[in-house]
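[1] compute the structure for the input listed below.
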Amino acid sequence: MDLYLQDGQTAREVAAARNRTDVVDAIDTYILDKMGLYPLPQFPINFYPEELLFEVGINLNRTKTLQTIIDETEDKYDMKKWLNFKDTENQGIRLFEAASCGYVDTAKPINDASFKDRNGYTALIKAVVFSQLEMVEFLCSTRPALKTMADNCNRYPLHYAYALPPTQGQPIIRALLQNNPHDIDKKVDKNGLVPADYGALRGTEEMESMLQSARTLDVYGKTEPLLAPWPTDTQPSMG
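    Modelled structure (predicted):
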């Protein structure tokens, strides 16, 4: 049974926030010992690779336990590595930092999965909201599936691109729409809005709040931005 504190945090999340690595390791060890009993999506992790959940979900539907899946896998997705939750979480954080800052060379060796955090954000969404065009182009070419992955509000990277000021958003929109997979321009968010509808809402309090929330790396739901804000219609200086 999953136990949550009043603010929705799990015991592992509280331990991680307080730098109690001994408690985090104990919880991870317990989970690994019991992993044959529970499907991976119930585990208290903040970053996870979509490929791993897909592979596990397909096999769990065939009544295989997670332990059996791991034992039988040819490690197509390096699942054993990803089951070390702390390392997976740290790699997700590093990738998101690189995406947010536009550090393509840093992202290249760790861009080995379609990571999502507990908010549903991906590295591509981070690159979009921080207006990192080169990073957007890199992720679109190396991991195009990210273009079709929505956050927890069913907002796609293209939704976020339309919410940006035009000088920042238009080049990113063009990059996302190249080889348009699954008609992403027709995808709707939780309110039934397609990406272009966000253009009409650009600059509103709702859109600014949405962008601000996406510009945080905190997986516990806090809203402090990862980087200091910059003028609305200019690129940030990463020098």
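[2] any regions of the chain where pLDDT drops low?
    Applying pLDDT under 70 to the chain picks out residues 1-10, 28-85, 181, 217-239.
[3] do a quick rundown of the strands in it.
    47-49, 115-117 (DSSP state E).
[4] and the gap between Q170 and E134?
    Note on Q170: its distance to E134, by CB to CB, to the nearest Å, is 15 Å. Where you see a C-beta, it was placed from the backbone N, CA and C, and this is true even at glycine.
[5] just the helices in the chain please.
    Taking DSSP state H, the helices of the chain run over residues 11-17, 21-34, 50-60, 66-72, 79-82, 85-101, 104-107, 123-129, 133-142, 157-163, 166-177, 195-201, 205-214.
[6] nearest to S114 among these would be which one?
    Ranking those by proximity to S114 (CB to CB) places helix 50-60 first, at 4.2 Å.
[7] can you say which of the helices of the chain is packed in most?
    helix 123-129 (a mean of 29; mean count of other CB atoms under 10 Å).
[8] what does that one rub up against?
    95-96, 98-100, 102, 107, 111, 115, 135-136, 139-140, 143, 146-147, 149, 151, 155, 157, 160-161, 164, 172, 176, 211, 214-215, 217 (CB atoms under 8 Å, 6 or more residues apart in numbering).
[9] touching, K86 and V24? I think so.
    Yes. Counting by CB atoms under 8 Å, V24 is a contact partner of K86 at 6.4 Å.
[10] how near is Q170 to E208?
    Taken as CB to CB, the span from Q170 to E208 is 19 Å.
[11] hang on, I meant A99
    21 Å.
[12] rewinding a little: quick one: which of the helices of the chain is nearest I184?
    helix 157-163 (5.3 Å).
[13] want to try a markdown table for the helices of the chain, with distance to D183 as columns?
    As requested, the helices of the chain are exported to a markdown table (distance: least, CB to CB, whole Å):
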| stretch | distance to D183 |
| --- | --- |
| helix 11-17 | 37 |
| helix 21-34 | 39 |
| helix 50-60 | 20 |
| helix 66-72 | 33 |
| helix 79-82 | 31 |
| helix 85-101 | 25 |
| helix 104-107 | 27 |
| helix 123-129 | 17 |
| helix 133-142 | 16 |
| helix 157-163 | 11 |
| helix 166-177 | 10 |
| helix 195-201 | 11 |
| helix 205-214 | 22 |
